[in-house]
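[1] give the three-dimensional model of this entry:
(2 chains)
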2 protein chains.
Amino acid sequence: MTAASAPNATVVTAAVLVIGDEILSGRTKDKNIGYIAEYLTTLGIDLKEVRVVGDEEAEIVTALNALRARYTYVFTTGGIGPTHDDITAECVAKAFGVAINHDPRAIKVLSERLAQTGGELNEARMRMTRIPDGADLVNNKVSAAPGFWLGNVIVMAGVPTIMQAMLDEVAPKLRTGVRVLSETVRADCREGDIGTPLGEIAKAHAEVAIGSYPFFDEQRGPNTHVVLRARDPAKLAAAKTAVEEMLKRVRPAR
Amino acid sequence: MTAASAPNATVVTAAVLVIGDEILSGRTKDKNIGYIAEYLTTLGIDLKEVRVVGDEEAEIVTALNALRARYTYVFTTGGIGPTHDDITAECVAKAFGVAINHDPRAIKVLSERLAQTGGELNEARMRMTRIPDGADLVNNKVSAAPGFWLGNVIVMAGVPTIMQAMLDEVAPKLRTGVRVLSETVRADCREGDIGTPLGEIAKAHAEVAIGSYPFFDEQRGPNTHVVLRARDPAKLAAAKTAVEEMLKRVRPAR
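    Next up, the predicted model:
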């Protein structure tokens, strides 16, 4: 939890753990994975893995422990509301082996909000003030009900607008690495036409990650985006030039 | 791989493994997880876990082996195209410890398509005919390039239209369980207003999975959907009645 967001040479990694039966049943379509992925990439944090599990304690605890041991940060979404199926906070406490209690700071922010909106701080809402010992709150202005940050795990809401507000809240406090730069080259040919020479370029430019993504161009038919990603701008530029030269050479006339 | 799709009492489970750097970087927003989740639910297959990993052999093999040991089926998406970053087929072969070779059936379907579209069956496209030993092809009419089915692992394309065609192709051959039925009750109050009595209902109806999902109603403000899910229609109906009765009792006037 260093306060600085200044880039440094270290690679900072992350995983996302999406928690919720509604995602696995297909009732709710996740909108958070793609948002967090793009957000972290912009910050200079490499998202390395995502898991989605249901509202089951053993599943959540196992996934949390696997991911937090492996990556710099784990971001969770979902399961921090006021109902019986919201068990994320308990699971995080269990994964870390710490106690969980009603947190005076959380009670304060929730009480203040309820004073404005007219709700009652009943037993169900008190559930949202249960925060594992040692965690910092992650406040949000949308719902007031806080997420939290314990060790390298950042626990956020599942509702996208609230999750996004929480991500904005923690972003300045995250350690970040050198940002991965990206260039996209539109190939104007089909993937299969350039696979072999593109593979040779990928081998020759090992520090540049080169991806090939087919898309359908309404006017010209099947087409391809070549995406190059690297931390070093010079290496990225060299690989991009190699791809452009290759395309001039091998692209079939159309 | 029983041919019958007749429901039986057994619970059939599945995992989805999404493979691709472009999902983790946020460049491409996954559209397959939600689609497959809903599709499997309709078939009577319980999606229990989703993972997203990058285009890295060790990550893919490890995730595949963890998931295929645990669930009835594993559906993978992505990484079966003609370029160097398409390594899914090799990884599946490695995970199963079988050889991988150019498959005459795959060469045939691809050749026939290329005869129509005018492309060349070059080295890159031949990559798409590499199928692990013992696998059945999963054909698709969109791109012709096949996915495959080995053991309990079904390997599909990442492009949504192609993935969807492949899912339609395998669906009739999947073993399915008793379909989970679902009812949604609109609570017309905030989640925090009903959390405690809803939790009591959930406890009293242990075979019904009850979820609570806040949403924002433009006209009435914060609102809640209570979703009930069960295989037994009578148990589902009883729990739904309990929720409706509870709502009449505890819903604050508004």
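[2] could you pull up phi and psi at the residue nearest the centre of chain A?
    Nearest to the mean C-alpha position of chain A, counting by CA atoms, centre = their mean, stands A:Ile36 at 3.4 Å. For A:Ile36, the backbone dihedrals are phi -70, psi -40 (criterion: degrees, to the nearest 10).
[3] now it, nearest residue through space, not along the chain?
    Closest residue to A:Ile36 in three dimensions, ignoring its sequence neighbours and counting by CB to CB, 6 or more residues apart in numbering or on different chains: A:Val16, at 5.4 Å. C-beta: built from backbone N, CA, C; applies to glycine.
[4] check whether the one you found really touches A:Asn32, as I assumed.
    Yes: between A:Val16 and A:Asn32 there is a contact at 7.5 Å, judged by CB atoms under 8 Å.
[5] between these two, which contacts overlap?
    Shared contacts of A:Val16 and A:Asn32 (CB atoms under 8 Å, 6 or more residues apart in numbering or on different chains): A:Thr77.
[6] what number of residues lie near A:Ala37?
    Here the count is done by other CB atoms under 10 Å in any protein chain shown, and A:Ala37 has 24 residues near it.
[7] my error: substitute A:Arg249 in the last question.
    As a measure of burial, A:Arg249 has 9 neighbours, counting by other CB under 10 Å.
[8] that one belongs to a helix, doesn't it?
    Yes: with DSSP: H, G, I helix; E, B strand; the rest coil as the criterion, A:Arg249 is located in a helix.
[9] quick one: contacts for it?
    By CB under 8 Å, 6+ apart, the residues touching A:Arg249 are A:Pro197.
[10] more neighbours: A:Val16 and A:Asn32, which one.
    For A:Val16 versus A:Asn32, the count of surrounding residues by other CB under 10 Å is larger for A:Val16: 28 against 23.
[11] ok, what's across the strand from that one?
    A:Val16 has these beta-bridge partners by DSSP bridges: A:Val50, A:Phe75.
[12] how many neighbours does the closest residue to chain B within the stretch 151-254 of chain A have?
    Using CB to the nearest CB, A:Gly195 is the residue of the stretch 151-254 of chain A that sits closest to chain B, at 2.4 Å. Each residue near A:Gly195 was counted by other CB under 10 Å, and the total is 25.
[13] can you tell me the helix or strand for it?
    Assessed by DSSP states H and E, A:Gly195 sits inside helix A:191-204.
[14] picking up where we left off before, test my guess that the residue nearest to the centre of chain A contacts A:Leu43.
    No: applying CB under 8 Å, one finds A:Ile36 not in contact with A:Leu43, separated by 10.3 Å.
[15] name the residues of the helix or strand containing A:Ala242 that come out as buried.
    Assessed by DSSP H and E, A:Ala242 sits inside helix A:233-250. Within helix A:233-250, the residues that qualify as buried by neighbour count (16 or more other CB atoms under 10 Å in any protein chain shown) are A:Lys235, A:Leu236, A:Ala238, A:Ala239, A:Lys240, A:Ala242, A:Val243, A:Met246, A:Leu247.
[16] and the angle for that helix with helix A:191-204?
    Using axes from the mean of the first three to the mean of the last three CA atoms, to 10 degrees, the direction of helix A:233-250 lies 140 degrees away from that of helix A:191-204.
[17] for helix A:233-250, what is the average pLDDT?
    This predicted structure assigns helix A:233-250 an average pLDDT of 97.
[18] who's in contact with the helix holding A:Gly195?
    A:187, A:208, A:210, A:212, A:214, A:222, A:224, A:226, A:239, A:242-243, A:246-247, A:249-252, B:81-85, B:119-120, B:122-125, B:127-128.
[19] now do 7 Å
    The set of residues that contact helix A:191-204 without belonging to it, under CB atoms under 7 Å, 6 or more residues apart in numbering or on different chains, is A:187, A:210, A:212, A:214, A:224, A:226, A:239, A:242-243, A:246-247, A:250, A:252, B:81-84, B:119, B:122-125, B:127.
[20] try stretch A:96-107
    Taking contacts as CB under 7 Å, 6+ apart, the residues outside stretch A:96-107 that touch it are A:89-90, A:93, A:126, A:129-134, A:137, A:146, A:150-151.
[21] chain B contacts on the stretch 151-254 of chain A?
    With CB under 7 Å from any CB of the partner chain as the criterion, the stretch 151-254 of chain A comes near chain B at residues A:159, A:190-192, A:195-196, A:198-199, A:202, A:209-214, A:227, A:229.
[22] okay, and A:Ser182 sits in which element?
    A:Ser182 is part of strand A:181-186, with elements assigned from DSSP H and E.
[23] in strands, which of the contacts of stretch A:96-107 fall?
    Using DSSP state E, the subset of the contacts of stretch A:96-107 located in strands is A:Arg130, A:Ile131, A:Pro132, A:Leu137, A:Leu150.
[24] and the closest residue in space to A:Val98 that isn't next to it in sequence, what is it in contact with?
    Among residues not flanking A:Val98 along the chain, A:Asp133 sits closest, at 4.5 Å (CB to CB, 6+ apart). Contacts of A:Asp133 were listed using CB under 7 Å, 6+ apart, and they are A:Val98, A:Ala99, A:Ile100, A:Asn101.
[25] now, those that are in strands?
    Secondary structure of the contacts of A:Asp133 is defined by DSSP E; positions in strands are A:Ile100, A:Asn101.
[26] number of nearby residues for the residue lying closest to A:Ala157 once chain neighbours are set aside?
    Counting by CB to CB, 6+ apart, A:Met163 is the residue found nearest to A:Ala157 once chain neighbours are left out, at 5.2 Å. Residues contacting A:Met163 under the criterion other CB under 10 Å number 23.
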